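Engineer: Kindly generate the corresponding structure for this input.
(2 chains)
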Amino acid sequence: MVVALPSLERELQRPETHSSTVWQTAIALASFCVVAMLGGSLGLQNWAERGDVEGWRGALAGPAAALATATAPLRLAEPHQWLTQATAGWIAQMAAAQDSSGGHFAALAEAAEQANAAGDSPAGSQKAPAQAPDQLAGAAPVRSGPAAPAASGSDGAATGAGQPSTDSPAQSDSSPAEPAGPAPILLAGDSLMAVGLAPGLMQGTTGASEFKLLRGYRSATGLSRPDYFDWPKALDRLLTKHHPRCVVVAMGGNDAQGFRQDKKVLHFGTPAWDEAYRGRVEALLTISRKHGAPLLWLSAPKMRSSAFSTSMARLNRLVLEAIAKVKGSAYLDLNPFITDAKGEFAAYLDDAKGRPQRIRTEDGVHLTDVAGRRLAAAVDRWIRGHCLKKS
Amino acid sequence: MLFPTIEYAVLFLVAFGLAWATTNHSLAHRLILLALSWCFYAWGSPVHLPLLLSLSVSATWFARRVQGNDDPLQRKKWLFAGCAVPLIVLAVFKYAAFAVSNSSELLHYAGLEFVPPVPDIVLPIGVSFFVFHAISLVVDVYRGNVKVAVRWLDGALYLGFFPQLVAGPVVRASDFLPQLVAPPSRDRIERNRAIWLVLAGLFKKVVLASHLGILLSDPVFDSPSEFGGARVLVAIYAYAGQIYCDFSGYTDMAIGSALLLGYRFKDNFNAPYAAVSIQDFWRRWHISLSSFLRDYLFIPLGGSRCGEWRTRRNLLLTMLLGGLWHGAGWNFVLWGGLHGTAQIVHRSWSRSPRRWIQVLRGHRLWLPVAWLLTFHTVCLGWVFFRAGNFSQGLEVLQGLGRPGPAIAWQAWALVAVGVLAQVLPWRRWAPLAQDWMGRLPSPALGAATAVAVLAIDALGPIGVPPFIYFQF
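Structural biologist: Sure thing, here's the model as predicted:
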């Protein structure tokens, strides 16, 4: 532990061969700003459009769009776009090459590449120049979004806690021949699934030899940004490639953000956004139905941040509305499993012996494996009721 | 607020303009920096700002009491109080829940079924760092290392200065406070070095750390049982690269940001994976923390002056507490214990009078072996550091023996860039690059920097994950 460091005095006396004046530095920074704004104008526009409608970031959407439009003929933002696409392609290649778990990641990476190549949004496939803190891989955002009406008790209304229900799935021609061995069940979603839920479900169902859970989730994804990751395409590929008997989905943590659809900017918290998002959920459910795989949607949990909880309750309501429209899908409200006696957010809950166990990660967003295991029995029951052939 | 965001860029530009415009008005200059630092901290989640404010006030108050007192007993009294307050803050906010949940476990094994309620306390971002700064302020003043009078604003700015506020480096009061007395020189900004550091930090964080994590380490650590041995090994190496790129990237950006404002922090990393002993590793990894632990914990415990056994005890205790500082979890204690044990083993080994050991250590082939041993000891530590708990760490290690498909060369290449690149002589290249930057006219330098930032952004995945060290 003996560390020899030069003293600060010596550091300060070191001859500075590269020192500049404040004006030289200011000129460099000004030039940096101009070039970065021109070269990243599409990304800047994208970033601003994802902000809250009432927030300062959302308010910049107009000027950012004007800048992108005005500078479009110069085509200065194109190199950034090319490089972004090349990176996406490279990531897909890497994921496919190093995959050793049956190709799930490869299919996911292909979807990401496709999304980038397609450039679904009018802003092209441009990424934000620097990702905002509310779009974090491995950690869903804590967003202070505009107040949205609470889910007005609709959470869990479709199904009682632990008793998820579903209509019979529509059997389609694309159903594969029944393979021997355990039935594959696909786990899909974002980091809400990846952290806690999937590991907990896997641990909680290890004794079940009739089915096997497949990892098909990917952190930092959702339905708001098909230009980044296209879930409908990814799900379609996963279903085509692996023929899971059922799908269990948990996502939404990154979705409380504005997006662009049909050349219109839709801000989170507006009725137009709600309608568009519900449509996206329906599209996802329909894909699963087309493949004849019943789908169980695990609700977004209550979060530590009340504003974030409100946003998630809004998403849950939209998901419930979509599920009511698409046969073969079910909804399970997680909150009764992971909230306290008053139904509020709890970081710790007692286990069967009355000892406290951490059920939420320190970010106040994700679940721990313990929480995932709490849900395992209910999910197991649903899988047995809807995905396994009755003997 | 995170560094690689547009929000931070805007805040930094405002800070740059206002801070340099007021260098002739010390009070205004420091007030502006303090206000912007508190904005930086409160951005998005202002709930812990009062904690930072009150700790700043109390630390400065204690430091001023120590400084203004000639009575040794009184000085000692204020020193203890000045250290106790931040430590209590750390205990409550970081360790209370951990302690309570473990104590109920202990009571259960003792046959007592008393279950105390576990407090749900949100960990304030950066608390581990500003608590250390609060301690450094009082201790440095007590030791007479701070030669300037501690002013209220300076104490608050020392704890809250935004480049180092949330994830370090740990800056000493004796290094930082004198810089606030004399205003930074407007003609001597190390602009090129600062830009180089920011770009290098961005690249390490946005490109290397993100890809290493998302593609290689996260999938395996999330469910280790699904992967073969070679893939698990790649994931462990990848995590070593990820945590280095993540954390050193952050501190590079911090040092670069401060430098553009005229303030200097010492280097925090020096090619840690080139280390050839565990002691050497700690001279190169998170230098500001290891030297802090040395000066404020190891040496006060007696250091290496009280015989071999007490030295070993002090080493182990320092590393165990250093491990616990990283997080309230047994995996961090285990990680610290592993490093402490490795240091003790290395100490015994390197001081051994046995002839064969001395011959072996003197052999030219020993160096690569020592490097391999050191690197893999560090990697073993990272497994438990990353895994979250002991059983998951063991599960990852068990996966090393599982047969599995071969690994694509791209994965090895990415790991090599993240881990081994630091063995290359960057230190010689950096001055060359800065020299080249110095030859560019200012507008061209700014434009080239913008092109580099856009390229780094495009090369990274969307949604850059938060810095690993934020949680500490």
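Engineer: okay, and for the stretch 351-472 of chain B, where does confidence drop off?
Structural biologist: B:421, B:423-427, B:462-472 (pLDDT under 70).
Engineer: Chain A contacts on that one?
Structural biologist: Residues of the stretch 351-472 of chain B lying close to chain A by C-beta under 8 Å from any C-beta of the partner chain are B:404-405, B:407-408, B:410-411, B:414, B:434-435, B:437-438, B:442-447, B:449-451, B:453-455, B:457-466, B:471. Every C-beta, even on glycine, is put in place using the N, C-alpha and C of the backbone.
Engineer: Report the contact partners of the closest residue to chain A within the stretch 301-450 of chain B.
Structural biologist: Proximity of the stretch 301-450 of chain B to chain A (C-beta to the nearest C-beta) peaks at B:Gly446, 2.9 Å away. B:Gly446 is in contact with A:27-35, counting by C-beta atoms under 8 Å, 6 or more residues apart in numbering or on different chains.
Engineer: Could you say which helix or strand holds it?
Structural biologist: helix B:442-459 (DSSP states H and E).
Engineer: Which positions within that helix qualify as buried?
Structural biologist: Buried residues in helix B:442-459, counted by 16 or more other C-beta atoms under 10 Å in any protein chain shown: B:442-443, B:445-459.
Engineer: residues from the stretch 51-200 of chain B in reach of chain A?
Structural biologist: B:97, B:100-101, B:104-105, B:108, B:113, B:115, B:117-118, B:120, B:122-123, B:174-175, B:178, B:186-193, B:195.
Engineer: related to what we said a few turns ago, what's the distance between the residue of the stretch 301-450 of chain B closest to chain A and B:Ala230?
Structural biologist: 45 Å (C-beta to C-beta, to the nearest Å).
Engineer: how far away is A:Val326 from chain B?
Structural biologist: 28 Å (C-beta to the nearest C-beta, to the nearest Å).
Engineer: which stretches of the stretch 1-150 of chain A have low pLDDT?
Structural biologist: A:1-18, A:51-54, A:95-150.
Engineer: OK, now which residue of it is nearest to chain B?
Structural biologist: Using C-beta to the nearest C-beta, the single residue of the stretch 1-150 of chain A nearest to chain B is A:Ser31, 2.9 Å away.
Engineer: Provide a list of residues in contact with that residue.
Structural biologist: A:Ser31 touches B:442-447, B:450, counting by C-beta under 8 Å, 6+ apart.
Engineer: out of the residues you listed, who's nearest A:Leu367?
Structural biologist: B:Ala450 (40.8 Å; C-beta to C-beta).
Engineer: Wait, the closest one touches A:Ala30, no?
Structural biologist: No. The pair B:Ala450 / A:Ala30 is not scored as a contact, 10.7 Å apart, by C-beta atoms under 8 Å.
Engineer: Now do the residue in the stretch 151-300 of chain A that chain B sits nearest to: how many residues are near it, please.
Structural biologist: The stretch 151-300 of chain A approaches chain B most closely through A:Ala220 (3.8 Å), counting by C-beta to the nearest C-beta. A count of nearby residues for A:Ala220, using other C-beta atoms under 10 Å in any protein chain shown, gives 27.
Engineer: Go ahead and report the secondary structure state at it.
Structural biologist: coil (DSSP: H, G, I helix; E, B strand; the rest coil).
Engineer: what's the answer for B:Val148, then?
Structural biologist: B:Val148 ends up coil, using three-state DSSP.
Engineer: ok, A:Gly39 - contacts?
Structural biologist: Neighbours of A:Gly39 in contact, by C-beta under 8 Å, 6+ apart: A:76-77, A:79-80, B:450-451, B:454.
Engineer: hmm, back to that, turn the contacts of A:Ser31 into a markdown table, columns for distance to B:Leu397.
Structural biologist: As requested, those are arranged in a markdown table below (distance: C-beta to C-beta, whole Å):
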| residue | distance to B:Leu397 |
| --- | --- |
| B:Ser442 | 53 |
| B:Pro443 | 54 |
| B:Ala444 | 51 |
| B:Leu445 | 48 |
| B:Gly446 | 49 |
| B:Ala447 | 49 |
| B:Ala450 | 45 |
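Engineer: out of those, which one sits closest to B:Ser223?
Structural biologist: Nearest member of those to B:Ser223, counting by C-beta to C-beta, is B:Ala450, at 40.6 Å.
Engineer: show me the contacts for that closest one.
Structural biologist: Counting by C-beta under 8 Å, 6+ apart, B:Ala450 has contacts A:31-36, A:39.
Engineer: make it 6 Å
Structural biologist: Contact analysis of B:Ala450 by C-beta atoms under 6 Å, 6 or more residues apart in numbering or on different chains lists A:32, A:35-36.
Engineer: Go through those and flag which are in helices.
Structural biologist: Within these, residues falling in helices by DSSP state H are A:32, A:35-36.
Engineer: Top of the residues you listed by number of neighbours, please.
Structural biologist: Ranked by neighbours (other C-beta under 10 Å), the ones in helices among the contacts of B:Ala450 are led by A:Ala36, which has 26 neighbours.
Engineer: Three-state assignment for residue 70, please.
Structural biologist: Going with chain A. Assignment for A:Ala70 (three-state DSSP): helix.
Engineer: wrong one, chain B
Structural biologist: coil.
Engineer: mind checking how far it is from A:Ala194?
Structural biologist: 60 Å.
Engineer: And for A:Ala28?
Structural biologist: Counting by C-beta to C-beta - A:Ala28 and A:Ala194 are separated by 41 Å.
Engineer: Please apply the same query to B:Ile357.
Structural biologist: Relative to A:Ala194, and taking C-beta to C-beta, B:Ile357 is found at 47 Å.
Engineer: Name the residue in these two with the higher neighbour count.
Structural biologist: Between B:Ile357 and A:Ala194, counted using other C-beta under 10 Å, A:Ala194 has the larger neighbour count: 25 against 14.
Engineer: average pLDDT for the longest helix seen in chain B?
Structural biologist: Under DSSP H, the helix in chain B containing the largest number of residues is helix B:229-260. Averaging the model's pLDDT scores along helix B:229-260 yields 92.
Engineer: That helix packs against which elements?
Structural biologist: In terms of contacts (3 or more C-beta pairs under 6 Å, 6 or more residues apart in numbering or on different chains; DSSP states H and E), helix B:229-260 is packed against helix B:162-165, helix B:191-202, helix B:366-387, helix B:409-419.
Engineer: Could you check the angle that helix makes with helix B:191-202?
Structural biologist: 150 degrees (axes from the mean of the first three to the mean of the last three C-alpha atoms, to 10 degrees).
Engineer: Which stretches in chain A count as helices?
Structural biologist: A:8-13, A:22-39, A:41-49, A:56-59, A:61-71, A:78-98, A:104-118, A:191-192, A:198-204, A:231-242, A:271-290, A:306-325, A:335-338, A:369-386.
Engineer: Flag every residue of the stretch 251-391 of chain A that's near chain B.
Structural biologist: A:347-348, A:354-356, A:362 (C-beta under 6 Å from any C-beta of the partner chain).
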